[in-house]
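S.K.: Fold the following and give me the result.
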Amino acid sequence: MKTIGFIGLGLMGSAMSKNIIDKFNGDVLVYDISTEAVAKLVACGATAAYSIAQIAQDADVIITMVPKSEHVEAVYLELLPHLHQGQITIDMSTIDPAVSQRLAKQVQATGASMLDAPVVKSVPAAINAELGIYVGGDSAAHEQVRSVLAMMGCNQIHLGDNGSGLVMKMLHNVLVAGIQNSVNEMLASAQAYGIAKPQFNEAISFGGGGNFYLSSKIKSLTEENYNAAFSLQNMAKDVNIMLGMMQEKNLRLPGVELVNQVYQQGLATGLGGEDFCATYKIVQSNSQAN
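M.R.: Take a look at the predicted model:
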């Protein structure tokens, strides 16, 4: 493996590719529509690619990290004509598993292999190479790129065929959304009974109800500072994908449907760019609706 290509240099992609540049003994080609983002990684030792096609032609391993299904589809539209036998593409974006499965078949037809490898945790973990990585696709291909993924994350697990990494990512994120919704509801209840948020957090820590999405968000919730570590609109996207998965498997999960209502209300009231814990404002308002 001589060359790794990285497409998508947003907050997560920049941090992840920086770790590869620091640790990989070879060339790292980077591409993004933002020339400023590319320049920052070139200053760290990467080589700027002039096109997605160049990365497809020159890289042994191609990593993509872009926001939505339609963005991944657009990137692969440019990659596919140039892929060839022996290459491995790794899409680390969080997208609809069905879209990833369809693209994987198209990649396989070129002789290359595709893995889905979405990540859990946010920007600080990406900077420190402490991401968790859920892998779907050919297990032999995963073994070939295990060391590359280890440059970005401290935990990785192979979960099955193409799309299974993304299914697991949805299960993780919708679990988080449900936990946050329960935290929000009990905080709103505490407020109704005159218990302050910091007191609530401290008291909960004495028992079994303590959890990361209370302890890590309590400062933001108390100060009403909702700067996004993971945005409400991104979480809403994942909850919506989960609804499609439920339909696909004929699953009835009322809790997910309730969470979706809260997130749709959050989007409708203009909170999409705030952190997902800003759903507290929706829950608190709804709790006083009568």
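S.K.: can you pull the buried residues of stretch 152-163?
M.R.: 152-153, 156, 158-159, 162-163 (16 or more other C-beta atoms under 10 Å). From N, CA and C alone the C-beta is placed, and that goes for glycine too.
S.K.: Tabulate the residues you listed (CSV), appending distance to His71.
M.R.: Output for the buried residues of stretch 152-163, formatted as CSV (distance: C-beta to C-beta, whole Å):
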residue, distance to His71
Met152, 19
Gly153, 22
Gln156, 23
His158, 25
Leu159, 23
Asn162, 18
Gly163, 18
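S.K.: Give me the neighbour count for Leu187.
M.R.: 25 (other C-beta atoms under 10 Å).
S.K.: what's the answer for Ile7, then?
M.R.: So Ile7, with other C-beta under 10 Å, has 30 neighbours.
S.K.: what separates the longest strand along the chain from the chain centre, distance-wise?
M.R.: Ranked by residue count under DSSP state E, the longest strand found in the chain is strand 153-160. The chain centre lies 14 Å from the centre of strand 153-160; the measure is C-alpha atoms, centre = their mean, to the nearest Å.
S.K.: is it true that Ser139 touches His158?
M.R.: Yes. Applying C-beta atoms under 8 Å, one finds Ser139 in contact with His158, separated by 5.6 Å.
S.K.: Residues that sit against both of these two, list them.
M.R.: With C-beta atoms under 8 Å, 6 or more residues apart in numbering applied, the contact sets of Ser139 and His158 do not overlap.
S.K.: before we move on, the earlier item: using PDB, write out every CA atom in the longest strand of the chain.
M.R.: What follows is strand 153-160, C-alpha atoms only, in PDB (Å, rounded to 0.1, in the frame of the first residue of the first chain):
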ATOM      1  CA  GLY A 153      -9.700   5.000  15.900                       C
ATOM      2  CA  CYS A 154      -9.000   3.000  19.000                       C
ATOM      3  CA  ASN A 155     -11.800   0.500  18.500                       C
ATOM      4  CA  GLN A 156     -13.100  -1.300  15.400                       C
ATOM      5  CA  ILE A 157     -15.400  -4.200  14.900                       C
ATOM      6  CA  HIS A 158     -16.500  -6.100  11.800                       C
ATOM      7  CA  LEU A 159     -20.300  -6.700  11.900                       C
ATOM      8  CA  GLY A 160     -21.100  -8.500   8.700                       C
END
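S.K.: neighbouring contacts of stretch 130-145?
M.R.: 1, 16, 61, 88, 90, 92, 97, 100, 104, 113-121, 124-125, 149, 152-169, 172.
S.K.: Any quick ChimeraX command for the buried ones out of those?
M.R.: In ChimeraX syntax, the buried subset of the contacts of stretch 130-145 is picked out as below (16+ other C-beta under 10 Å):
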select :16,61,88,90,92,97,100,104,113,114,115,116,117,118,119,120,121,125,149,152,153,156,158,159,162,163,164,165,166,167,168,169
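S.K.: Sort out which of the contacts of stretch 130-145 are in strands and list them.
M.R.: Using DSSP E, the contacts of stretch 130-145 in strands are 61, 88, 90, 113-116, 119-120, 153-160.
S.K.: Can you list the residue ranges for helices in the protein?
M.R.: Along the chain, the segments classed as helices by DSSP state H run 11-23, 35-42, 52-58, 69-79, 97-108, 123-127, 139-150, 164-192, 197-205, 212-215, 218-223, 232-249, 254-268, 279-287.
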